[in-house]
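Asks: sequence and predicted structure are below.
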Amino acid sequence: MSKKPETQKVKTIRCAIYTRKSTEEGLQQEFNSLDAQREAAEAFIASQKAEGWRCLPEMYDDGGFSGGNLERPAMKRLMEDIEAGKVDCVVVYKVDRLSRSLMDFSRVMETFDKFGVSFVSVTQQFNTTHSMGRLTLNILLSFAQFEREIIGERIRDKIAAMRAKGKWSGGMPVLGFDVDRSGTSPKLVVNATEAKQVRKIFEMYLEYRSLLPVVKRLQEFGWPNKIWRTRTGRTRGGRVFDKPAVHSLLTSPLYVGKIAYKEHIYEGEHDAIIDQDTFDAVGKMLKAHQKGRAQRLVNKYSALLKGILVCPYCECRMVHRTTKKKSSVYRYYACQTTVKSGADACEMGSVSAAMIEAAVVDELRVVVDDHGLRDAVYQGSKGLLDKEQAEVETLLAQLKAQINRDTEEVRRILKHEVFENLNDIRVEDLKARITKAEADVVVATDKLKEVAARQLSRLDIDIAMSDFKVVWASLTAKERVHLVELLVARVVYEPDAGSMAISYHPTAITALVEECEESVA
């Protein structure tokens with residue numbers, strides 16, 4: 001009796017459907033664009049049931065996300081599930097639903113290839129299991145990106161043309177103006193109530209000759225910045241004025257009836273709120289202050305804690321300031337919030353620069369003499385560098401494995417397959433990948449040598465810390481600033497308790513060793 005042939009079991013292909021829509025418009029409808037995309041994909045998967053295709057229940061839907069980048073929640077979940085081995089095939093309605101960027105798409109396809117995942121577009125009827133599908137895919141995506149760039153250029157050209165004609169091209173309106181959308185194109189119209197506020201701000205600046213007093217008065221008046229509603233009904237703006245906001249208002253050419261685009265200024269269609277003489281007088285005064293400020297921004301007094309000292313109340317960086325008392329210069333640190341918005345904006349007062357800097361240096365001297373800390377520093381430094389070394393070694397192993405795989409694939413194609421155009425393209429791609437990986441191996445090898453050179457012995461740390469006092473005394477003011485920047489990450493001073501907390505960079509001791517070696521040399 002003859003035996004019946006066994007039926008070969010069809011392998012199950014787990015299919016994930018990915019959908020995307022660039023805007024949120026229409027997503028609240030009972031049946032929206034994402035539903036339509038999913039329905040088409042489900043029908044296609046059902047048609048492949050005999051091949052073992054099965055639709056996964058998980059929904060990967062990105063509503064209101066651009067295809068210009070991969071920063072999308074559903075896309076991230078999909079990639080995580082692919083890396084976890086939960087997906088065999090990704091199905092989309094159209095190629096550009098996955099990505100409009102050729103570079104991003106290439107990265108996604110590399111991940112798909114790495115984890116053995118195929119890619120199918122329902123409406124364009126191809127999949128990446130075939131070489132022709134790959135070639136078609138690259139061509140289609142190239143055109144999609146080209147089209148997107150053309151659209152972007154058209155939008156930019158349209159904005160430039162509108163600005164050149166003095167028209168309002170959209171964006172956030174400023175205090176003093178509303179946007180009239182009743183005509184064929186949006187137009188700025190003067191808001192009479194807000195225009196009075198704008199004129200008052202210009203008058204106050206000419207009176208006080210400084211931004212901070214103007215900010216304080218605006219806060220006393222309770223005047224917020226522009227509040228407006230978007231076309232979708234959302235409220236925007238209304239923030240409290242600070243120095244940057246006042247400066248932006250005082251320098252906007254909109255208030256003299258002009259429109260700015262890049263470095264060009266055009267006559268606008270809208271009415272002016274401020275006369276040209278007043279605007280020019282304010283601008284001249286602001287430039288004079290800006291020039292003086294630029295000169296002060298240089299660390300003239302070698303402030304040790306510039307960019308390091310932090311306000312304990314609002315977490316802002318404290319800025320270095322000077323004031324003259326008779327013939328002497330008094331240095332202090334002030335909270336950035338109070339500098340921008342006035343003394344009432346934060347509880348933190350000023351701190352004597354000489355006092356806090358001396359306290360930090362004294363703390364450094366104590367720290368370097370602590371033998372227990374030296375042990376902790378040695379272990380911590382060694383742990384960080386060991387971890388970095390392990391990461392580089394892992395990367396090296398991955399790169400070498402990739403080179404071996406790609407080299408073997410090139411040999412296989414050349415030996416067993418007919419050498420046609422498509423294989424030619426594939427071989428060239430593999431060779432390019434091998435060349436890049438070999439270059440990355442050189443970089444990683446150099447990095448490994450550099451990590452090994454940074455490894456410190458316990459003796460290195462003892463010598464560096466013992467030499468600190470001698471080295472510090474021999475440094476110039478600028479060199480001391482540089483050394484503190486290398487060692488200290490953050491200083492928080494509590495004025496009420498009179499206490500101070502210092503955080504150090506993880507590689508601080510390595511930096512100290514290098515500084516000591518340079519000073520000795």
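Replies: Sure thing, it's come through. The model shown is predicted, which means the values in this text are computed figures rather than measured ones.

Asks: what residues sit buried inside the helix or strand hosting residue 260?
Replies: Per DSSP states H and E: residue 260 is located in strand 258-261. Buried residues in strand 258-261, counted by 16 or more other C-beta atoms under 10 Å: 258-259. The C-beta positions use only the backbone N, C-alpha and C, and glycine is treated the same way.

Asks: packing partners of that strand?
Replies: When contacts are defined as 3 or more C-beta pairs under 8 Å, 6 or more residues apart in numbering; DSSP states H and E, strand 258-261 packs onto helix 131-164, strand 264-267.

Asks: out of these, which gets the lowest mean score?
Replies: Ranked by mean pLDDT, the helices and strands packed on strand 258-261 end with helix 131-164 at the bottom, a mean of 67.

Asks: name the next helix or strand downstream of that one, please.
Replies: Counting by DSSP H and E, the next helix or strand C-terminal to helix 131-164 is strand 177-180.

Asks: quick one: low-confidence parts of the stretch 251-400 of the chain?
Replies: The model of the stretch 251-400 of the chain has pLDDT under 70 over residues 290-302, 368-384.

Asks: ranges for the helices of it?
Replies: With DSSP state H, counting those that start in this stretch as the criterion, the stretch 251-400 of the chain has helices at 276-297, 336-341, 353-368, 371-416.

Asks: now do residue 12, the pLDDT please.
Replies: 92.

Asks: I'd say it and residue 51 touch.
Replies: No: using C-beta atoms under 8 Å, residue 12 is not in contact with residue 51, being 9.8 Å away.

Asks: circling back to that earlier point, out of the helices of the stretch 251-400 of the chain, which is the most enclosed?
Replies: Greatest average neighbour count among the helices of the stretch 251-400 of the chain goes to helix 336-341 (a mean of 20), per mean count of other C-beta atoms under 10 Å.

Asks: burial count for residue 153?
Replies: 10 (other C-beta atoms under 10 Å).

Asks: quick one: it and residue 160, what's the gap?
Replies: 10 Å (C-beta to C-beta, to the nearest Å).

Asks: from residue 106, how far out is residue 432?
Replies: The gap separating residue 432 from residue 106 is 12 Å, by C-beta to C-beta.

Asks: before we move on, what about residue 231?
Replies: From residue 231 across to residue 106, the span is 37 Å (C-beta to C-beta).

Asks: who has more neighbours, those two?
Replies: Between residue 231 and residue 106, counted using other C-beta under 10 Å, residue 106 has the larger neighbour count: 12 against 7.

Asks: may I ask which helix or strand encompasses the more buried one?
Replies: Residue 106 belongs to helix 102-114 when assigned by DSSP H and E.

Asks: mind listing what the spatially most central residue of the chain touches?
Replies: Ranked by distance to the mean C-alpha position of the chain (C-alpha atoms, centre = their mean), the top residue is residue 71 at 11.8 Å. By C-beta atoms under 8 Å, 6 or more residues apart in numbering, the residues touching residue 71 are residue 65.

Asks: helix, strand or coil: sort out it for me.
Replies: With DSSP: H, G, I helix; E, B strand; the rest coil as the basis, residue 71 sits in coil.

Asks: distance of residue 119 relative to residue 76?
Replies: Distance from residue 119 to residue 76, by C-beta to C-beta: 17 Å.

Asks: which one of these two is surrounded by more residues?
Replies: Each of residue 119 and residue 76 has its neighbours counted (other C-beta under 10 Å); residue 119 has more, 23 against 13.

Asks: SS state for the more buried one?
Replies: Residue 119 - assigned by three-state DSSP - is strand.

Asks: my guess is it contacts residue 109. True?
Replies: Yes: counting by C-beta under 8 Å, residue 119 does reach residue 109; the two are 7.1 Å apart.

Asks: which SS class is residue 18?
Replies: strand.

Asks: which one is it nearest to, not counting chain neighbours?
Replies: Spatial nearest neighbour of residue 18, chain neighbours left out: residue 60 (4.6 Å); criterion: C-beta to C-beta, 6 or more residues apart in numbering.

Asks: can you get me a residue count around the one you found?
Replies: Using other C-beta under 10 Å, the number of residues around residue 60 comes to 23.

Asks: mind checking how far it is from residue 504?
Replies: 44 Å.

Asks: could you do residue 124 as well?
Replies: Distance of residue 124 to residue 504, computed by C-beta to C-beta: 57 Å.
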